[in-house]
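> Quick one: sequence and predicted model below, then my questions.
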Amino acid sequence: MDEERDNRWSGVAIITGASSGIGEAIARNLAPSAKGLVIAARRDARLNTLASELGDHVIPVKCDVQVQSDVTTLATTALEHFGAIDALVNNAGIARMASMLRCRVEDWDAIIDTNIKGVLYGIAAVLPQMLEQKTGNIINISSESARRIFLGAGVYCASKHAVRALSEGLQQDLSIRSRKDGNTIKVSTIAPGVVMTEFAESVTHEPTKLNLVRGMQSVDEPLSAKNIAECVQFVLESPAHVEVGEMTVRPVKQNM
Ligand code: NDP
């Protein structure tokens, strides 16, 4: 038992979107062995409750990932409290889908600002410290829709395609640099299929929300948020020389 605990990841992580669903599950899964966690989202009451449940080494920070200074604060908080940033899990994301024919530009902006720019702000916040450390893990939660286009979800799918592309781009830049400085910073994307969370709640076009909820509920034995949290743990606990690039995880019986 003790040996098992010794082998568990014990670093410092920042997790965005930790007030519900996958982000919350990641925090719950990492907390028992982590040196420190900074958990972030807009609903700070939920974060505070989660942090007090998980322990003093879990710091809740109210953060809107659309605001760069909010995201930068996550890195400074991790450094002030724990002196390092070993991992960033860029998980915050919204669904706000609707047919593109509706030209819901506000939804488009929100998706791009959260799902793409939020991820980039996260990367910018932690990279200087990771480059100095020459180590670190950046894990971006993308989606199956990083490779497929689902009907009525064009802009959401585009945002997740972007997450995959920018992750690969960053990985390439880091590996070129590692020839000079020997850094072992890893970049991974985890691309889930249907996971039962509050994901559909962020959709503001009611008929689309209903369709999405129905679609998700039609999947027999969907993934749980914990399933994805365990993938994050697998990535973090991989041997130092092993970088998980992209991990697609879907319910066996998913038919959408
Ligand atoms: P949830 O809606 O349960 O969680 C989304 C999280 O993102 C919440 O904690 C929310 O917190 C946070 N968030 C949203 N907008 C912002 C913002 N502007 N600033 C900070 N935090 C924000 O859904 P999931 O757990 O399912 O989603 C997590 C990730 O998984 C997303 O990137 C999603 O695209 C991806 N995903 C989900 C799938 C699924 O089937 N559930 C499938 C594939 C990918 P708050 O509202 O408090 O700010």
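On my side now, so go ahead. Numbers count the residues shown, from 1 in each chain.

> going forward, measure contacts between C-alpha atoms and count neighbours the same way
Will do.

> which residues touch the residue nearest to the spatial centre of the chain?
With distances taken as Cα atoms, centre = their mean, residue 91 lies nearest the centre of the chain, 1.9 Å away. Contacts for residue 91 (Cα atoms under 8 Å, 6 or more residues apart in numbering) come out as 15, 16, 17, 18, 22, 23, 140, 141.

> So it versus the ligand, what's the distance?
5 Å (Cα to the nearest ligand atom, to the nearest Å).

> again, but for residue 213
Note on residue 213: its distance to the ligand, by Cα to the nearest ligand atom, is 10 Å.

> Tell me the pLDDT of the closest residue in space to that residue that isn't next to it in sequence.
In this structure, residue 213 finds its nearest non-sequential neighbour in residue 200, 6.3 Å apart by Cα to Cα, 6 or more residues apart in numbering. Note for residue 200: predicted pLDDT of 96.

> quick one: residue 200 is in a helix?
Yes - counting by DSSP: H, G, I helix; E, B strand; the rest coil, residue 200 falls inside a helix.

> Flag the shaky bits of the stretch 101-250 of the chain, pLDDT-wise.
Applying pLDDT under 70 to the stretch 101-250 of the chain flags no residue at all.

> so where do the strands sit in it?
Along the stretch 101-250 of the chain, counting by DSSP state E, counting those that start in this stretch, strands occupy 137-141, 186-192, 246-249.

> The longest helix along the chain vs strand 137-141, what angle?
When the chain is parsed with DSSP state H, its longest helix is helix 154-181. Following axes from the mean of the first three to the mean of the last three Cα atoms, to 10 degrees, one obtains 170 degrees for the angle between helix 154-181 and strand 137-141.

> residues from this protein in reach of the ligand?
Applying Cα under 6 Å from any ligand atom, we find that the chain lies next to the ligand at 17-23, 41-43, 63-66, 91-94, 114, 141-143, 192-199.

> on that earlier part again, next, format the strands of the stretch 101-250 of the chain as CSV and append distance to residue 107.
CSV is the format used below for the strands of the stretch 101-250 of the chain (distance: least, Cα to Cα, whole Å):
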stretch, distance to residue 107
strand 137-141, 20
strand 186-192, 22
strand 246-249, 26
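
> re the thing from before, are any of the residues of the chain next to the ligand buried, and if so which?
Among the residues of the chain next to the ligand, those scoring as buried are 17-23, 41-43, 63-66, 91-94, 114, 141-143, 192-196, 199 (criterion: 16 or more other Cα atoms under 10 Å).

> In helices only, show me the residues you listed.
Per DSSP H, these map to helices at 21, 22, 23.

> from memory the first one sits against residue 201, does it?
No - with contact defined as Cα atoms under 8 Å, residue 21 and residue 201 do not form a contacting pair (11.4 Å).

> how far is stretch 153-163 from where the chain is centred?
Between the centre of stretch 153-163 and the centre of its chain there are 15 Å (Cα atoms, centre = their mean, to the nearest Å).

> deepest of the strands of the stretch 101-250 of the chain, which one?
Neighbour counts (mean count of other Cα atoms under 10 Å) averaged over each of those peak at strand 137-141, with a mean of 25.

> Could you export that strand as PDB, CA atoms only?
Extracted in PDB, the C-alpha atoms of strand 137-141 (Å, rounded to 0.1, in the frame of the first residue of the first chain):
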ATOM      1  CA  ASN A 137       3.600  18.600 -18.300                       C
ATOM      2  CA  ILE A 138       1.000  20.600 -20.200                       C
ATOM      3  CA  ILE A 139      -2.100  18.600 -20.700                       C
ATOM      4  CA  ASN A 140      -4.800  20.000 -22.900                       C
ATOM      5  CA  ILE A 141      -8.300  18.500 -22.700                       C
END
